[in-house]
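> Here's my sequence, what's the structure:
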Amino acid sequence: MRGVRCDPERREARCLKRDVPWQDARVLEIGCGDGRVTRKIAHQVHAMVGIDINKEYIIKAHRTRLRRLEDKIRFLIASAVTLPFSDKAFDVVVLSWSY
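Residues are numbered from 1 along each chain as shown. Below you'll find the predicted structure:
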């Protein structure tokens, strides 16, 4: 097997879906990487923005974005230290597996 499989038991997605009020939320995912978590929850939200400081991850996230959800999802190169958004731009913020 090539690579490492993240969350093979799918606990992360189950916890997020169970514990977070996604319905019609505007969501920011900090450290979105290649969009793995974004793709799992984007169908439940109003709009979602994924940010990461790694340009290569954002390029990959754009390539793997689900076509049927492309009007809901944006991926940007940005830092969590200086977010390029207003204070009330999002209802929910997610940070998963980032350092």
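
> For the most centrally placed residue in the chain, give me its contacts.
Nearest residue to the geometric centre of the chain (C-alpha atoms, centre = their mean): residue 38, 3.3 Å. Residue 38 makes contact with 29, 32, 48, 50, 61, 73, 75, according to C-beta atoms under 8 Å, 6 or more residues apart in numbering. Where C-beta positions appear, they are placed from N, C-alpha and C, glycine not excepted.

> Give me the phi and psi for the closest residue in space to the third one that isn't next to it in sequence.
Pointing back at residue 48 there. Residue nearest to residue 48 in three dimensions, not counting chain neighbours: residue 27, with 4.5 Å by C-beta to C-beta, 6 or more residues apart in numbering. Per-residue torsions, residue 27: phi -120, psi 140 (degrees, to the nearest 10).

> from now on call the first residue 126
Got it, the first residue is 126 from now on, which makes the last one we talked about residue 152.

> since we're on residue 152, how many residues are nearby?
When neighbours are counted by other C-beta atoms under 10 Å, residue 152 registers 23.

> looking at it, residue 219 is touching residue 153, isn't it?
Yes: counting by C-beta atoms under 8 Å, residue 219 does reach residue 153; the two are 7.2 Å apart.

> Quick one: the strands in this protein, in order.
Secondary structure of the chain (DSSP state E): strands located at 151-155, 172-177, 198-202, 217-220.

> Below-threshold pLDDT in the protein: ranges please.
Applying pLDDT under 70 to the chain flags the ranges 126-135, 222-224.
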